[in-house]
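Undergrad: Generate a structure from the sequence data that follows.
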Amino acid sequence: MIIEIKVPSPGESITEVEIGSWLVEDGAVVAKDQEIAEVESDKATLTIVASEGGKIEIKAEEGEAVEVGAVVCTIDTSVEAPAASAKPKEEEKAAEAEAPKAKAAEEKPAVEESAEHDKVKVTSVAKEMMKDHGLSVDDVINGLKRLGKKEVEAVVNAPQAAAAAIPQKEATRDEERQRMSSLRRKLSARLVSVKNETAMLTTFNEIDMSYVMDMRKKYQQKFVDTHGFKVGFMSFFTKAVATAMDFHPMVNAQIDGDEIVMPQFVDVGIAVSTPKGLMVPIVRNAESKTIPAIELEIKELAAKARNKKISVEELQGGTFTITNGGVFGSLLSTPILNPPQSGILGMHNIVERPVAVNGQVVIRPMMYVALSYDHRIIDGKDSVGFLVKLKELLENPELLFTGGKDAGELMLGI
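TA: Numbers count the residues shown, from 1 in each chain. Take a look at the predicted model:
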């Protein structure tokens with residue numbers, strides 16, 4: 001029976017995709033549910049799986065644009081994948097014969113050093129060789145019998161010999177070219193349009209991360225025991241961003257023609273670097289979620305994006321974006337807007353620096369943060385105030401559980 005494999009719909013607004021790569025060769029025998037191809041839209045890279053097992057016949061070439069619903073390959077289900085052959089009896093017998101030897105080798109005592117040679121440094125490779133041959137340090141050193149010119153020269157010339165062993169890269173004038181993916185082309189066009197169509201500015205601040213770090217260190221094990229995964233910095237920042245929006249809602253706003261749209265919810269996009277390019281899955285209604293719920297959702301979305309399992313719906317929308325260049329070692333940057341959003345927060349590397357605290361110079365783990373914003377609708381007061389509020393929330397994490405208000409204010413109802 002011949003089964004047709006068609007291009008699934010990545011999303012409601014997408015009518016055409018591009019064959020990114022075939023994961024199997026034409027004529028190969030594939031198993032049911034095996035990934036056979038990657039298709040790229042202007043929003044995401046997704047995989048096509050074999051609905052049945054059999055021999056595949058490819059109908060569309062890599063790089064070819066095909067419509068959603070088009071047949072890209074067929075599978076002949078009458079051809080079955082060859083069953084894995086059993087081990088020959090000879091191999092089994094040989095393995096059984098080797099087993100006692102391996103067990104005996106494992107039970108050999110570890111290499112010991114005598115008191116006379118206890119200052120001799122033995123590398124891990126040498127230890128393994130000595131263990132395999134049943135030798136001790138005494139056996140090796142005494143085996144030298146005498147120290148002559150050759151042995152001394154070996155030690156003297158060791159650094160030069162090591163340097164000579166470093167492989168030298170061969171000079172070349174070759175170039176490698178590869179076609180830009182549909183996702184990369186779309187991303188390039190969007191980034192250029194941002195620079196041309198928005199009045200983008202960036203403001204900066206710094207955050208003392210010691211309070212959040214201390215909280216994570218104190219409660220990390222209990223958090224893992226309770227939820228089954230670790231808590232990271234991104235969930236704290238996501239929650240802090242959503243809370244800060246209550247005080248500066250214009251940072252969450254967007255321009256739509258001649259109107260300003262101000263969502264009453266905060267959908268935070270988390271920028272994720274993947275081999276195919278940047279993707280921004282969305283954590284929806286972050287303002288109403290707990291830190292554990294946000295952390296779990298971020299982990300699941302990031303894994304989907306990197307494994308090409310994410311849906312277009314999980315990438316659409318968003319009212320604000322967070323990007324973390326600190327994971328790659330970035331100290332400071334000016335992130336670029338993700339239209340039609342009006343703001344994006346850039347996190348950076350945490351570095352211990354001397355700072356003034358209560359009139360004294362102390363060393364604290366500091367992070368620079370950057371807010372790029374569209375100055376057409378976000379004024380300097382809101383942009384600077386937003387970062388100041390973010391700094392306040394993260395340097396006093398307990399405020400994240402009181403809506404950003406001081407406990408005394410809540411007590412007095414002010």
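
Undergrad: Tell me where the model's unsure across the stretch 101-250 of the chain.
TA: Confidence mapping of the stretch 101-250 of the chain against pLDDT under 70 gives the ranges 101-122, 124-125, 133, 135, 137, 139-165.

Undergrad: Would you map the strands across it?
TA: Taking DSSP state E, counting those that start in this stretch as the test, the strands found in the stretch 101-250 of the chain are 200-208.

Undergrad: Spit out the contact partners of Ile363.
TA: Glu352, Arg353, Pro354, Val355 (Cβ atoms under 8 Å, 6 or more residues apart in numbering). Any C-beta I mention is one placed from the backbone N, CA and C, and that applies to glycine too.

Undergrad: The first one belongs to a helix?
TA: No: under DSSP: H, G, I helix; E, B strand; the rest coil, Glu352 sits outside any helix and is assigned strand.

Undergrad: State the mean pLDDT of the biggest strand by length in the chain.
TA: Determined from DSSP state E, the single longest strand within the chain is strand 360-374. Average pLDDT, strand 360-374: 97.

Undergrad: Tell me which residues of that strand come out buried.
TA: Along strand 360-374, these residues count as buried under the neighbour rule (16 or more other Cβ atoms under 10 Å): Arg364, Pro365, Met366, Met367, Tyr368, Val369, Ala370, Leu371, Ser372, Tyr373, Asp374.

Undergrad: now stretch 316-330
TA: Neighbour counts over stretch 316-330 (16+ other Cβ under 10 Å) mark Gln316, Gly318, Thr319, Phe320, Thr321, Ile322, Thr323, Asn324, Gly325, Gly326 as buried.

Undergrad: How about stretch 375-385?
TA: For stretch 375-385, the neighbour count (16+ other Cβ under 10 Å) marks Ile377, Ile378, Asp382, Ser383, Gly385 as buried.

Undergrad: So for the last one, what's the pLDDT?
TA: Just to be clear, that refers to Gly385. The model's pLDDT for Gly385 equals 97.

Undergrad: Check which helix or strand it maps to.
TA: With elements taken from DSSP states H and E, the one containing Gly385 is helix 380-395.

Undergrad: now stretch 364-382, how far from the centre of its chain.
TA: 25 Å (Cα atoms, centre = their mean, to the nearest Å).

Undergrad: now do the same end-to-end measure for it.
TA: 27 Å (Cα to Cα, to the nearest Å).

Undergrad: that older thread, tell me what angle the longest strand of the chain forms with helix 380-395.
TA: 130 degrees (axes from the mean of the first three to the mean of the last three Cα atoms, to 10 degrees).

Undergrad: Strand 360-374: partners in the sheet, and parallel or antiparallel?
TA: Partner strands and pairing direction for strand 360-374 (DSSP bridges) are strand 200-208 (antiparallel), strand 343-347 (antiparallel), strand 350-357 (antiparallel).

Undergrad: could those strands go into a markdown table alongside mean neighbour count?
TA: Output for the strands paired with strand 360-374, formatted as a markdown table (neighbours: other Cβ atoms under 10 Å):
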| stretch | mean neighbour count |
| --- | --- |
| strand 200-208 | 17 |
| strand 343-347 | 25 |
| strand 350-357 | 13 |
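
Undergrad: Let me know which of those strands is the nearest to Leu183.
TA: strand 343-347 (19.0 Å; Cβ to Cβ).

Undergrad: What's the mean pLDDT across the closest one?
TA: On average, strand 343-347 scores 96.

Undergrad: neighbouring contacts of that strand?
TA: By Cβ under 8 Å, 6+ apart, strand 343-347 touches 233-234, 237, 241, 251-252, 320-326, 333-338, 367, 369-374, 378, 383, 386, 390.

Undergrad: Minimum distance to Ala60: which of the strands paired with strand 360-374 has it?
TA: Using Cβ to Cβ, the nearest of the strands paired with strand 360-374 to Ala60 is strand 343-347, at 36.7 Å.

Undergrad: circling back: for the strands paired with strand 360-374, which one sits closest to Gln34?
TA: strand 343-347 (38.2 Å).

Undergrad: could you measure the nearest residue to Val361 once chain neighbours are set aside against Ala370, distance?
TA: In space, Val361 comes closest to Pro354 once its chain neighbours are excluded; the distance is 5.1 Å by Cβ to Cβ, 6 or more residues apart in numbering. Applying Cβ to Cβ, to the nearest Å, the value for Pro354 to Ala370 is 22 Å.

Undergrad: cool, Ile377 as well?
TA: 19 Å.

Undergrad: Can you tell me the number of residues neighbouring Gln220?
TA: 12 (other Cβ atoms under 10 Å).

Undergrad: Let me know the closest of the buried residues of stretch 375-385 to Met200.
TA: Looking across the buried residues of stretch 375-385 and measuring by Cβ to Cβ, the closest to Met200 is Ile378, at 10.2 Å.

Undergrad: before we move on, which element is that closest one in?
TA: Short version, using DSSP H and E: Ile378 is in no helix or strand.

Undergrad: right, and it touches Met250 too?
TA: Yes: with contact defined as Cβ atoms under 8 Å, Ile378 counts as touching Met250 (5.3 Å).

Undergrad: where do the contact lists of the two overlap?
TA: Ser342.

Undergrad: any idea how far the residue lying closest to Ser235 once chain neighbours are set aside lies from Tyr368?
TA: Leaving aside its sequence neighbours, Ser235 sits nearest to Glu295 (Cβ to Cβ, 6+ apart; 3.9 Å). Distance of Glu295 to Tyr368, computed by Cβ to Cβ: 23 Å.

Undergrad: related to what we said a few turns ago, out of the buried residues of stretch 316-330, which are inside strands?
TA: Going by DSSP E, the strands hold Phe320, Thr321, Ile322, Thr323, Asn324 from these.

Undergrad: Let me have the residues you listed in a markdown table, extended by distance to Gly257.
TA: Formatted as a markdown table, these follow (distance: Cβ to Cβ, whole Å):
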| residue | distance to Gly257 |
| --- | --- |
| Phe320 | 20 |
| Thr321 | 22 |
| Ile322 | 27 |
| Thr323 | 27 |
| Asn324 | 32 |
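
Undergrad: How far does the longest strand of the chain sit from its chain's centre?
TA: 23 Å.

Undergrad: Kindly report the same for stretch 374-388.
TA: 30 Å.

Undergrad: burial measure for the nearest residue to Thr15 once chain neighbours are set aside, as a count.
TA: Leaving out its chain neighbours, the residue that sits closest to Thr15 by Cβ to Cβ, 6+ apart is Val68, at 5.6 Å. The tally of other residues near Val68 (other Cβ under 10 Å) stands at 16.
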